[in-house]
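Q: sequence first, predicted coordinates after that:
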Amino acid sequence: MAKIYITRKIPESGINKLREKGYEIDINPEDRVLSREELLEALKQKPYDAVLCLLTDKIDGEVFDAAPNAKIFANYAVGYNNIDLDAARERGVLIGNTPGVLTETVAEYTFALMLAIAHRVVEADKFTRAGKYKGWAPMLLLGTDLSNKTLGIVGLGRIGSRVAYHAVKGFGMRVLYYDIKRNEEFEKEYGAEFRESVDDVMKEADFVSVHVPLLDSTVHLINKERLEAMKSSAFLINTSRGPVVDEKALVEALKNKTIKGAALDVYENEPELEPGLADLENVIITPHIASATEETRSKMADLAAENIIAALEGGTPPHLVN
């Protein structure tokens, strides 16, 4: 009987898929991230044939060696910057991920953040709860319209493309984008305009939405200089990866009103926040929940399970990273 270790509780649909195959399942009994020492110790308890891990687990050579029988580490995430792919290749370990199923959800959430920061929804909620609302007033909590504004997309992958779709179809926004590869078909369909550099997008856009993967080349892609290049009336939205934005520089830009506001779901040193960030009124901060719907998280669990099943049955996982 194959043995599988799951590093944290996930939706039952994926776990049930594995149990239906007759696999022996062990799950971290505590709903928290295991420390490195705890993870290593857990993996050494049995000769596990597969590990279902999370983006919050750092998976490197030492972790692979703690589970030498494991044919696959199935990441419960689209991204896999938490996994040392070179170490996996050296040991012949397959790595799976869960792409595609969260595109719609993250795009929706990106727009939720964009609308909320532009229309000062969080500020208004706090204001009302504090008993400050004394009646309608013509200058109370004035926000910013999205309709007919310019949206800059940095990274035109699945999610970035879907955000652009909502922007054009729902709000009549003009879309500019930067990506390492130009997409002329996308331009024709949405009237979008390609820019040769991130800098050009930052300068022109009223809203900048970040959708690049975390690579060495994208760490601090949004830095002090690029924030200073933005319009003073512009907003930054990040639902990609925290280190893509220089959080210290962002705090200064928000404090100094270099930009009008920001909405973040990811952070440079999660779960820690840059000092001063949480004190600002012109930023919305949420706890990495852009893909957190019942439907999407269950689909992610299913994909992770399907990757494991395929690997253990001698096939190729449907979503193989390496």
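A: Alright, I've got the coordinates.
Q: helix or strand right after the one helix or strand residue 5 maps to?
A: Following DSSP states H and E, one finds residue 5 within strand 3-6. Next in sequence after strand 3-6, counting helices and strands by DSSP H and E, comes helix 12-20.
Q: buried stuff in stretch 37-50?
A: The neighbour-count check on stretch 37-50 (16 or more other C-beta atoms under 10 Å) flags 39, 42, 43, 48, 49, 50 as buried. The way it works is simple: take the backbone N, C-alpha and C, and place the C-beta from them, glycine included.
Q: and of these, the nearest to residue 276?
A: Distances from residue 276 to the buried residues of stretch 37-50, taken as C-beta to C-beta, are shortest for residue 39 (32.4 Å).
Q: ok, now how distant is the closest one from residue 67?
A: 10 Å (C-beta to C-beta, to the nearest Å).
Q: spatially nearest residue to residue 289, not counting backbone neighbours?
A: Of all residues not flanking residue 289 in the chain, residue 265 sits nearest, at 6.5 Å (C-beta to C-beta, 6 or more residues apart in numbering).
Q: surely the one you found meets residue 113?
A: Yes - Residue 265 lies in contact with residue 113 (C-beta atoms under 8 Å); the separation is 6.8 Å.
Q: tell me, what's touching the two both at once?
A: With contacts taken as C-beta atoms under 8 Å, 6 or more residues apart in numbering, residue 265 and residue 113 have 239, 286 as neighbours in common.
Q: look up how far residue 178 lies from the nearest residue to residue 118 once chain neighbours are set aside.
A: Closest residue to residue 118 apart from its sequence neighbours, by C-beta to C-beta, 6+ apart: residue 144 at 4.4 Å. According to C-beta to C-beta, residue 144 stands 23 Å off from residue 178.
Q: again, but for residue 319
A: Applying C-beta to C-beta to residue 319 and residue 178 gives a distance of 27 Å.
Q: same check on residue 164?
A: Residue 164 sits 12 Å away from residue 178, going by C-beta to C-beta.
Q: who touches both of these two?
A: What both residue 164 and residue 178 touch, as defined by C-beta under 8 Å, 6+ apart, is the set 153, 156.
Q: name the nearest residue to residue 316, ignoring sequence neighbours.
A: The shortest distance from residue 316 to any non-neighbouring residue, by C-beta to C-beta, 6+ apart, is to residue 310 (6.2 Å).
Q: let me see the backbone angles for that neighbour.
A: Per-residue torsions, residue 310: phi -60, psi -40 (degrees, to the nearest 10).
Q: I'd say it and residue 317 touch.
A: Yes - contact criterion C-beta under 8 Å: residue 310 and residue 317 qualify, at 4.5 Å.
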